[in-house]
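Asks: quick one: sequence and predicted model below, then my questions.
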Amino acid sequence: MSGEAEPKGQGFALDLLSFKDLETIPDLEWVIDGWIPKGGLTMIYGPPKSGKSFIVMSLVLALDHGERWLGHRVVGRCRSLYVALEGRSGLKIRSEAWHEHFERDVEAGHALIQTGRVNLAEYEHTGAIIDAVIEHGIELVIIDTLAKATSGMDENSAKDMGRIIDQTRRIQEETGATVILVHHTGHGDTNRERGSSSLSGAVDSSILVKNGKMSAPLVKDGSTPEPVHFKLKQAGQSVVALPMSSRALDGYDGSNEDGLQDDLEKIRNVLEGEGRAVSKNAIHHQIGGNRQRIIGSINVWVERGFLTKTTDGRSQLIGLPG
């Protein structure tokens, strides 16, 4: 083979543009102004039991019915494919709760749900998603969660994550749909996504859901939107995510909010460590500090729906929502 010239560029050509040609590229459009770019790749992530499931459900249904999403206007109704691979048993009651609260007819919606196995690492699975998107006129695909949709892959491996990113890009390029990946935060750092940093480098926007607040750590094209504080309000047998004012949250002004957020994280750590509901005194005993403040914080987060309150017949017990 020595001396033979290697084939150059066969079957491939560059798509060259001038700077003048850039003027013909359409301006950026949004699914949700400032949060989710149309046709882009967005990551919604947060710790377990942070409210992600209710945030995602509210997004799907708000787009399906043209309802506001946590106080933000949707650009227009669009049909979603919700690949729900976690918490299947809770989908029905979450849907019923949302429709009951917003007084919407479930039969008026057009979103589709996939609860069976899907693995983005398998080429034919991604192909099946693409076929469904094209056949049903889907405009937005939500993969919930990334971990469940990447069985056999190492999320800490840049190579494996790169393969998954390629498959999500394939969905976008072949259908024009917006893709949202729902992911968990790291075990040690609850402010960043779990696994390889190649994912955060690939997304067009990211949304962090943590301790009753939704923020946008990354928006590649556009200005960063103001964070949204939300609460989980009881509706039917479940709860719905609703926006709250960041200036006056249940009687607390903005100066108290950072302390409340810190307290909730400490309370959650206690409850996750116990693995069961415990008394307010037991929570304070493990956290320490000012008892009145900790008890007050527990009461605020119970009212907002991020902690539950039950009784064993003798005392109140505080737990995490299911």
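Replies: Nice, I can see it.

Asks: for S58, give me the pLDDT.
Replies: Looking at S58, its pLDDT reads 95.

Asks: what about the nearest residue to it once chain neighbours are set aside, which SS state?
Replies: The spatially closest residue to S58, leaving aside those adjacent along the chain, is A241, at 4.9 Å (C-beta to C-beta, 6 or more residues apart in numbering). From N, CA and C alone the C-beta is placed, and that goes for glycine too. The three-state label given to A241 by DSSP: H, G, I helix; E, B strand; the rest coil is strand.

Asks: need the single longest helix in the chain, by residues.
Replies: helix 254-274 (DSSP state H).

Asks: I figured the residue nearest to S58 hits V56, correct?
Replies: No. Between A241 and V56 there is no contact under C-beta atoms under 8 Å: 9.3 Å.

Asks: which one of those two is surrounded by more residues?
Replies: A241 (26 against 23; other C-beta atoms under 10 Å).

Asks: bridged to that one, which residues?
Replies: Legend: beta-bridge partners of A241 under DSSP bridges are L232.

Asks: tally of neighbours for E122?
Replies: By other C-beta under 10 Å, the residues close to E122 number 14.

Asks: report the contact partners of it.
Replies: Residues in contact with E122 (C-beta atoms under 8 Å, 6 or more residues apart in numbering): none are found.

Asks: next, it: phi, psi?
Replies: Main-chain dihedrals, E122, degrees, to the nearest 10: phi -100, psi 120.

Asks: and it, how far from D166?
Replies: Using C-beta to C-beta, to the nearest Å, E122 is found at 13 Å from D166.

Asks: equivalent analysis for A147, please.
Replies: Relative to D166, and taking C-beta to C-beta, A147 is found at 18 Å.

Asks: more neighbours: which of these two?
Replies: Under the criterion of other C-beta under 10 Å, the comparison of A147 against D166 puts A147 first, with 16 against 12.

Asks: contacting residues for the more buried one?
Replies: E155, H183, H184, R194.

Asks: apply 7 Å and report the result again.
Replies: Counting by C-beta atoms under 7 Å, 6 or more residues apart in numbering, A147 touches E155, H184.

Asks: what's the local residue count around the closest residue in space to S279 that isn't next to it in sequence?
Replies: Closest residue in space to S279, ignoring its immediate chain neighbours: S315 at 5.2 Å, by C-beta to C-beta, 6+ apart. Burial of S315 is recorded as 11 neighbouring residues (other C-beta under 10 Å).

Asks: ditto for the one 4 residues further on
Replies: Around G319 sit 16 other residues, with neighbours defined as other C-beta under 10 Å.

Asks: for S157, see how far away the nearest residue to it once chain neighbours are set aside is.
Replies: Leaving aside its chain neighbours, G319 sits nearest to A277 (3.3 Å; criterion: C-beta to C-beta, 6+ apart). To S157, A277 is 38 Å away according to C-beta to C-beta.

Asks: more crowded one of these two?
Replies: A277 (18 against 13).

Asks: tell me who's in contact with the more buried one.
Replies: T310, L317, I318, G319.

Asks: in the stretch 151-300 of the chain, where is pLDDT below threshold?
Replies: 245-255 (pLDDT under 70).
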